[in-house]
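Asker: fold the stuff below for me.
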Amino acid sequence: MSSTTRAWMVAGTVGLAEALKDQGFARWNYTNRAIHHHTKANLRSLSQTKKLSSPAAMASTLSNRGVIEKC
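Answerer: Numbers count the residues shown, from 1 in each chain. Okay, the predicted model is just below:
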């Protein structure tokens, strides 16, 4: 590849990156990272959710709260 072709490719790539930034692509990237971080930090993992939502665990939780009356 000639140096002129390489120069045009670099110029095109830089121009594309700048155009994406102008259109707000960088802001969406930040937003996506922030949402991912928040979700990862504040929600339980799927395995923890499955463990806690088993019928035995649910019955135990409800009986501890007094929701299930003893016969």
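
Asker: of all the residues in stretch 33-45, which ones are buried?
Answerer: By neighbour count with 16 or more other CB atoms under 10 Å, stretch 33-45 contains no buried residues. Placement of C-beta: from N, CA and C, glycine included.

Asker: now this structure, which segments are flagged as low pLDDT?
Answerer: 44-71 (pLDDT under 70).

Asker: now do 90
Answerer: Regions of the chain meeting the criterion pLDDT under 90 cover residues 1-3, 16-71.

Asker: mind jotting down where the helices sit in it?
Answerer: Per DSSP state H, the chain carries helices over the ranges 3-22, 25-42, 46-52, 55-65.

Asker: name the residues that touch the second one?
Answerer: Okay, so that is helix 25-42. Residues outside helix 25-42 that contact it (CB atoms under 8 Å, 6 or more residues apart in numbering) are Leu20.

Asker: ok, now with 10 Å
Answerer: With contact meaning CB atoms under 10 Å, 6 or more residues apart in numbering, helix 25-42 is reached by 17, 19-21, 24.

Asker: any idea of the angle it forms with helix 3-22?
Answerer: Angle between the axes of helix 25-42 and helix 3-22 is 60 degrees (criterion: axes from the mean of the first three to the mean of the last three CA atoms, to 10 degrees).

Asker: just the C-alphas of helix 25-42, formatted as CSV.
Answerer: In CSV, the C-alpha atoms belonging to helix 25-42 read as follows (Å, rounded to 0.1, in the frame of the first residue of the first chain):
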residue,chain,number,x,y,z
PHE,A,25,-21.7,7.9,20.6
ALA,A,26,-19.2,8.6,23.4
ARG,A,27,-22.1,9.7,25.7
TRP,A,28,-24.0,6.5,25.0
ASN,A,29,-20.9,4.5,25.7
TYR,A,30,-20.5,6.2,29.1
THR,A,31,-24.2,5.6,29.8
ASN,A,32,-24.0,1.9,29.0
ARG,A,33,-20.9,1.5,31.2
ALA,A,34,-22.6,3.3,34.1
ILE,A,35,-25.8,1.2,33.8
HIS,A,36,-23.7,-2.0,33.7
HIS,A,37,-21.7,-1.0,36.7
HIS,A,38,-24.9,-0.1,38.7
THR,A,39,-26.6,-3.3,37.7
LYS,A,40,-23.5,-5.4,38.7
ALA,A,41,-23.1,-3.6,42.0
ASN,A,42,-26.8,-3.6,43.1
